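Peer 1: pasting the sequence and the predicted model now:
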Amino acid sequence: MTTTVDWSELQPELIESIAHKLKIHKDYIGFRSVCSNWRKSTSKTPKHLPCQLPWLMFPQQNQQSHLRLFFSLSEDKIYRISLPEASFFRRRCGSSHGWLVYLEETPAVFVINPLTRVKHHLPPLCSFPNVVNFSFYDVGREYTLKTVDGDVYTCSLKEMRDSFIKKVVFSSSPSDEDLDYYALAVVNQTGDLAYCKKGDSVWKFIDDAQAYCEDVVFHKGCFYAASKYGTIAVCDVCGGKDSPNVSFIHTPLQVGGDMQYLVSLGDELLLVTRYLELGFDVEQHQLDIFYKTTEFRVFKLVLNDDVMWESVLELDDWALFVGENSSVAIRASDFEGCKGNQIYFTDDYSEWNYDGANGDHDLGVYDLEDGSVAALPCYTRKFYNGRRWPPPIWITPSLH
């Protein structure tokens, strides 16, 4: 005798329990779409899902189109998402917890989740402490800024949009209504770090942490910021005090390399050093400047009697994703399309270091075992010849 089970009539508690065992956001979406009862019994914004395998957001192909392309490594598939907020006239300055940060050619700063389309505003550019005046009527010199030495200078709307902020990192997802999130901005022009809390109307400088502007990551409840030589400023902005508590980890100077990234891997803090090479090529009577990544070196912070960065020769099952995004570590065996002991990198230095270069974007996969660099199969030279604005960026897809 065959017994027919109506799966749509499962108890809500059981449906929720099953849903919490799902780890991939695509599976969770498919689970909720089975029927109305399963959808009502599960949260639209699942907070239990772990960090997902990042997607690669492609440069804008057509200035008139609202569609943006995102490539999923695990599915080997391109998603076309309508995202008019990511227009050519706005500048992106980072991705963190599945959210993109954009600056407008006005003082406005906003963040958006491309999957849920939820949008929040951060304090405007004119609220930074070193901006002493802003006026739309002063065309071409709308911003008046003051240096630490007291010198006053002006910037246009476009200059502030394009060069004032290097990167923004969050402490947690901006969509979490139960928690206060913090945003930390690396100021490109001065090397300052500035922060704000959910609901703040102004940015505040972290006065003691200037020059710790190579990279920032949220780790163990604090923002960790790295200098060019690998020394660390630990900035506790979440303690509820009027001013952040800042402490320093003075490691031996890391000499060599061109860029530094910080990655939180469980309880460990990693420093990833990137080595670049600049070259020239003449093709069809045209000088072409190209630049490429030749090597990565990985270190972990050791806090014993002798504080140091200890060399890491292999990452085992872990893969690192670095670039303009907030750096993330992913256990490769949890996802298809990803291999452990590799570093997936994008081009986050071209607009600052090599202005005027005509070569392709520098992105790919670095293998720590043999030191080889491979191209990403989704981003071949045939598909994108030359640099396009903005460069590709990793973003961890998130439903909250």
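Peer 2: Received the coordinates, thanks. Residues are numbered from 1 along each chain as shown.
Peer 1: mind checking how far L100 is from H120?
Peer 2: With distances taken as CB to CB, to the nearest Å, L100 is found 11 Å from H120. C-beta here means a position set from N, CA and C on the backbone, and glycine is covered the same way.
Peer 1: residues shared between the contacts of those two?
Peer 2: Contact criterion CB atoms under 8 Å, 6 or more residues apart in numbering; residues bridging L100 and H120 by contacting each: V111, I112.
Peer 1: would you map the helices across the stretch 101-250 of the chain?
Peer 2: With DSSP state H, counting those that start in this stretch as the definition, the stretch 101-250 of the chain shows helices at residue ranges 157-163.
Peer 1: where does the prediction get shaky in it?
Peer 2: Applying pLDDT under 70 to the stretch 101-250 of the chain flags the ranges 240.
Peer 1: the strands in it, which residues?
Peer 2: 109-112, 119-122, 131-134, 143-146, 152-155, 165-170, 182-187, 193-197, 204-205, 215-219, 222-226, 232-236, 245-249 (DSSP state E, counting those that start in this stretch).
Peer 1: those: which one's closest to E369?
Peer 2: Taking CB to CB as the criterion, E369 comes closest to strand 215-219 out of the strands of the stretch 101-250 of the chain, the separation being 24.3 Å.
Peer 1: mind giving me the packing neighbours of that closest one?
Peer 2: Taking 3 or more CB pairs under 8 Å, 6 or more residues apart in numbering; DSSP states H and E as the contact definition, the neighbouring helices and strands of strand 215-219 are strand 165-170, strand 182-187, strand 222-226, strand 259-265.
Peer 1: which strands and helices lie in contact with the shortest one?
Peer 2: It refers to strand 222-226. With contacts defined as 3+ CB pairs under 8 Å, 6+ apart, the secondary structure elements packing on strand 222-226 are strand 182-187, strand 193-197, strand 215-219, strand 232-236, strand 259-265.
Peer 1: identify the residues contacting the residue sitting nearest the centre point of the chain.
Peer 2: Nearest to the geometric centre of the chain sits N325, at 1.8 Å (CA atoms, centre = their mean). Under the criterion of CB under 8 Å, 6+ apart, the neighbours of N325 are P54, G94, S95, S96, T346, I393, W394, I395, T396.
Peer 1: the first one: neighbouring residues, count only.
Peer 2: So the one you mean is P54. The burial count assigned to P54 is 28, neighbours taken as other CB atoms under 10 Å.
Peer 1: re the thing from before, between the helices and strands packed on strand 222-226, which gets nearest to I18?
Peer 2: With CB to CB, the closest approach to I18 among these belongs to strand 259-265: 29.7 Å.
Peer 1: output the closest one as CSV, nothing but the C-alphas.
Peer 2: Output in CSV follows, covering the C-alpha atoms of strand 259-265 (Å, rounded to 0.1, in the frame of the first residue of the first chain):
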residue,chain,number,x,y,z
MET,A,259,50.0,46.2,-1.4
GLN,A,260,48.8,44.7,1.8
TYR,A,261,45.4,43.1,2.7
LEU,A,262,44.0,41.9,6.0
VAL,A,263,41.9,38.8,6.1
SER,A,264,40.0,37.4,9.1
LEU,A,265,40.1,33.6,9.2
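Peer 1: residues of it that come out buried?
Peer 2: Applying a neighbour-count criterion of 16 or more other CB atoms under 10 Å, the buried positions in strand 259-265 are M259, Q260, Y261, L262, V263, S264, L265.
Peer 1: for the first one, give me its contacts.
Peer 2: For M259, the residues meeting the contact criterion (CB under 8 Å, 6+ apart) are E214, T273, R274, L276, D348, Y349.
Peer 1: report the longest strand in the protein, please.
Peer 2: With residue count as the measure and DSSP state E as the assignment, the chain has strand 286-303 as its longest strand.
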